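# sequence first, then the predicted structure:
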Amino acid sequence: MYDFYRAAACVPEVSVGDVEYNKEQIIDKIREAREYSCGIIAFPELAVTGYTCQDLFFQKTLLDASNKAVADIVRETEGYDQVVIVGAPLVINNRLYNGAYVIVNGAVIGITVKTMLPNYNEFYEKRWFTSASDLDTDVAYIPVIGDYSIPVGSSIIYEIGDVKMGVEICEDAWGPVTPSSWMALSGAEIIVNISASNEVIGKREYRRELIKHLSAANICDYIYVSAGCDESTQDVIFSGQSIIAEYGSILNENKDFIAGDYLLLADMDTGRIKADRLKNTTFVDTRRQYDSLLKDNIIVSLNDIAIPESDGKYISARKHPFIPSNKTKRVKRCNDIFDMQVGGLAKRLRLTGSRPVVGVSGGMDSTLALLVCARALRLLGRPAEDLIAITMPAFGTSDRTYNNSLELIRSLGAEPVIIDIKDACLQHFKDIGHDPEVKDVTYENTQARERTQVLMDYANAHNGLVVGTGDLSELALGWCTYNGDHMAMYGVNGSIPKTLVRWMIDSVAENNIFPGSEAVLRDILATPISPELLPPDEKGEITQKTEDNVGPYELHDFFLYYAMRFGFTPSKIFFLAKKAFAEDYSTEEILKWMKMFYRRFFSQQFKRSCMPDGVKVGTVSLSPRGDWRMPSDAAGYIWMKELESLNESE
């Protein structure tokens, strides 16, 4: 339902040349993986015999025993739709090949043959094996396994239900152009590499980066399983490194440097793969470019069998997908984004020769925009006095945010411009016949639009450029006043989600980019998120808290990420949200705010259709020019209907 599939990279204990023993170890691992409801179960290269048999591969006794062992493994799979990939030698027309037997429900559905045979340094594979490029047939008959022909080739696409899978063997992945490239271009979302890669210092890191790269370049899930430490140690040692990667990220990897006899599990989300391939035109263009070569692929279709889907137990769903969980990576990302914001604004200021004008409220968004302005001026070698920072107190302004605004502006070397807008708003209420005691949307939006008018007109009078403060989360929800804070001459926060804004400011404070500002920045981070359009309470405290009205931003950013980045359905996002926020929100709360998200996302597109210029800094953006093109009158009925069905099922 959600395109989750569980994989097991199995590294069994091996006795080199003892086929009967190896077969039993493999069958034990199949049964163990079955207990974990694995849909794909992969074993190392030549696991049936052992990779390090050397000239024993020429012994008929070994080869016959291998075929019988594979037959026993095949029988073990009867009645199960799990896909088992196991390495064993293959003899066709008096030639010996290195094969990956793909087994489903009591039958070998195909044998992928190794193409690249390493014959350098410690490797001598051409002494024993023939490359798949020398195959003179595309079928094999192995009577002991069964009375049927088995597809054989270097590039086979296994279509099993809704999943397309390809297999390559060890060195195949080390070439500049890999078999997996053709398989992926032919539709394989999952690539399995059964390997026997010996260990030398530095090779583990190289393999990890190689597998990450292959999964990213091919936009696929990649299962890599390698021979363990029980292989012969006559001249080399094998480490049993196994990796399951997804589109450039490691889902799971064994921890021990030298390992054997273990099972590595991960839940893959092929929905992510399908989503990116759907919109990645470069991937499609590449397929078209090499279409003639793809015709050599062998297609094996099993429409009557489907790989069992996983319950998603091992799916990783981070609460804050926009924010790296590792502090070092988080700080680096924030610094990089800050430099991107600064670079974008600096170009605009240099081109126009204008001064940055920003409205400062004492909240996080305007704080980040102000910091970007100050740094851009510094980058351009212009004085801090060129910064026009305007604070505009009104009916909802608290002493805390007002004083923080003034302190922050001064700490950056500028002098605040204070323009109280209460009288102007009262005059406007009078002009349009609105009772100021009625604190409705008119009451609130009048203040927002008055502030924008002040900023625009002040900019006209002082050769200024109004820098917008609104962030990505506000744009997604439409939580901004149309032609009010929604508008600017250049927006620096437009592709930064609210959950990341906080860490952006934190990194500026921690890195002491603006000496003397840290204390006020810390207090701003501790201030509740509020538009401050309604009066404070009798103690002067903020009463209007944004997240009380629209819901927690961490939830909305989660919904936004998976809806925009991968186009997931509401039900799948709901499933992931329940996993991620199990300890923070009830199911009812998650569903409530999810409905709010979709309702506002569809109804507020008209605000995004005319948002100001601003640089894109992440993979998710709502710019009508850079990323997101959606009719402002699109109907969200089918999304809301799915959410209502979730309500009923809960």
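The structure has been received and is ready for your questions.
# and the strands in the stretch 1-150 of the chain?
Secondary structure of the stretch 1-150 of the chain, counting by DSSP state E, counting those that start in this stretch: strands at 4-11, 40-42, 83-92, 95-104, 107-113, 139-141, 149-153.
# indicate which one of those strands is closest to N511.
strand 4-11 (39.7 Å; C-beta to C-beta). In short, each C-beta sits where N, CA and C put it, glycine included.
# for that closest one, output the C-alpha coordinates as CSV.
Taking C-alpha atoms only, strand 4-11 is exported to CSV below (Å, rounded to 0.1, in the frame of the first residue of the first chain):
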residue,chain,number,x,y,z
PHE,A,4,7.6,-0.4,1.6
TYR,A,5,9.7,-3.5,1.1
ARG,A,6,11.9,-5.1,3.7
ALA,A,7,15.3,-6.3,2.6
ALA,A,8,17.7,-8.7,4.4
ALA,A,9,21.4,-8.7,3.5
CYS,A,10,22.5,-12.2,4.8
VAL,A,11,26.1,-13.1,5.5
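# which non-adjacent residue is nearest E510?
V331 (7.0 Å; C-beta to C-beta, 6 or more residues apart in numbering).
# am I right that that neighbour sits in a helix?
Yes. Under DSSP: H, G, I helix; E, B strand; the rest coil, V331 falls within a helix.
# quick one: neighbours of it, just the number.
16 (other C-beta atoms under 10 Å).
# what's the answer for the one 4 residues further on, then?
For N335, the number of neighbouring residues by other C-beta under 10 Å comes to 16.
# would you mind pulling up the elements that the helix or strand containing it packs against?
For N335, the host element (DSSP states H and E) is helix 327-352. Using 3 or more C-beta pairs under 8 Å, 6 or more residues apart in numbering; DSSP states H and E, the elements in contact with helix 327-352 are strand 355-359, helix 364-379, strand 464-468, strand 490-491, helix 498-510.
# S609 is nearest to which of those?
Across the helices and strands packed on helix 327-352, closest to S609 is strand 490-491 (C-beta to C-beta), at 14.2 Å.
# what helices or strands is the closest one leaning on?
helix 327-352, strand 464-468.
# nearest to L380, of the strands of the stretch 1-150 of the chain?
Here strand 4-11 is closest among the strands of the stretch 1-150 of the chain (C-beta to C-beta), at 50.1 Å.
# may I have the strands that pair with the closest one, each with its orientation?
strand 40-42 (parallel), strand 262-269 (antiparallel) (DSSP bridges).
# thinking again about what came up before, TSV for the helices and strands packed on helix 327-352, including mean pLDDT, distance to I432 and mean neighbour count?
Shown next, in TSV, are the helices and strands packed on helix 327-352 (pLDDT from 0 to 100; distance: least, C-beta to C-beta, whole Å; neighbours: other C-beta atoms under 10 Å):
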stretch	mean pLDDT	distance to I432	mean neighbour count
strand 355-359	98	23	26
helix 364-379	97	27	24
strand 464-468	97	24	25
strand 490-491	96	28	24
helix 498-510	94	32	22
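# before we move on, back to that, ok now the helix holding N335, how far from the chain's centre?
22 Å (C-alpha atoms, centre = their mean, to the nearest Å).
# quick one: residues in contact with stretch 340-356.
372-373, 375-377, 379-380, 386-388, 459, 462-465, 467, 490, 492-493, 496, 613-615, 617 (C-beta atoms under 8 Å, 6 or more residues apart in numbering).
# please enumerate the helices of the stretch 51-200 of the chain.
60-76, 179-185 (DSSP state H, counting those that start in this stretch).
# which sections of the protein are below the confidence cut-off?
Applying pLDDT under 70 to the chain flags residues 531-533, 540-544, 648-650.
# what number of residues lie near the spatially closest residue to P436 that is not a sequence neighbour?
Leaving aside its sequence neighbours, P436 sits nearest to F429 (C-beta to C-beta, 6+ apart; 4.9 Å). When counting by other C-beta under 10 Å, one arrives at 17 neighbours for F429.
# quick revisit: spit out the contact partners of the residue nearest to E510.
Counted by C-beta under 8 Å, 6+ apart, V331 has contacts 507, 510-511.
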